[in-house]
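Peer 1: Got a predicted structure here, sequence first:
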Amino acid sequence: MAPNSLFAILLRSRWWISFAVAAAFVAAARALLPPDYFVVGAIGALPFLVIGCIAAWRQWKAPDPRRVAESLDAIRAMPWSAFSKAIEDAFRRDGYTVAAHPRPAADYELSRNGRVSLVACKRWKAARIGVEPLRELRAAKDQSKADECIYVTAGELTDTAQAFAAGHGVRLLQGAELAALMPLSPTSSRASRAARG
């Protein structure tokens with residue numbers, strides 16, 4: 001689906017907008033079509049109802065932005081030793097075998113179901129990430145013949161880095177996805193705040 005198609009835009013919008021479009025579609029069919037063709041015209045609202053249901057489901061399942069922000073703040077406050085242990089544990093919970101990677105461009109080598117992924121996460125605290133660490137990770141992936149590479153950050157990527165990741169198959173693990181991977185308990189959150197200061 002094209003990112004700026006009507007349905008893609010509706011999927012990103014609030015769920016009720018799709019239902020409002022469907023209701024308008026039905027009202028237009030009632031007003032403009034002869035009674036014999038009303039049902040046929042009203043069926044045109046069905047895709048909007050489906051999109052509305054999908055959007056509602058996604059929005060219901062989406063994490064609370066406040067909780068995501070709190071998790072990311074706690075993640076940024078962690079020292080490397082705590083963060084590396086937490087990320088290893090998180091990947092293990094997801095069924096990966098985790099090993100340290102020997103080259104500096106990647107921190108971990110994950111394997112699951114015969115697929116190997118390289119993970120770089122040492123710069124997780126950086127506020128703004130450029131393209132260079134992504135290039136290094138991609139080169140390490142090519143050298144080690146891994147199937148996938150994943151860049152983990154609690155910060156933001158520059159537009160150039162975003163474009164590089166999209167164009168070169170670098171999976172970005174950040175924001176809500178990172179917060180969901182590493183759910184922090186209240187005690188770990190307090191510990192990270194204490195470590196901060």
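Peer 2: Looks like it arrived, so ask away.
Peer 1: And the helices in this protein, which stretches?
Peer 2: Secondary structure of the chain, counting by DSSP state H: helices at 6-12, 15-32, 38-42, 46-61, 65-77, 80-93, 132-144, 159-168, 175-181, 186-196.
Peer 1: how far away is Asp89 from Leu181?
Peer 2: Between Asp89 and Leu181 the distance, using Cβ to Cβ, to the nearest Å, works out to 10 Å. Glycine gets a C-beta too; all of them are placed from N, C-alpha and C.
Peer 1: out of these two, which sits in the more crowded spot?
Peer 2: The residue with more neighbours, out of Asp89 and Leu181, is Leu181; 17 against 12, by other Cβ atoms under 10 Å.
Peer 1: close enough to count as contact, the more buried one and Arg92?
Peer 2: No: Leu181 is beyond contact range of Arg92, at 11.4 Å (criterion: Cβ atoms under 8 Å).
Peer 1: still on that earlier bit, out of the helices of the chain, nearest to Arg112?
Peer 2: Of all the helices of the chain, the one in closest proximity to Arg112, counting by Cβ to Cβ, is helix 80-93 (8.9 Å).
Peer 1: Give me the angle between that closest one and helix 65-77.
Peer 2: Here the directions of helix 80-93 and helix 65-77 differ by 130 degrees (axes from the mean of the first three to the mean of the last three Cα atoms, to 10 degrees).
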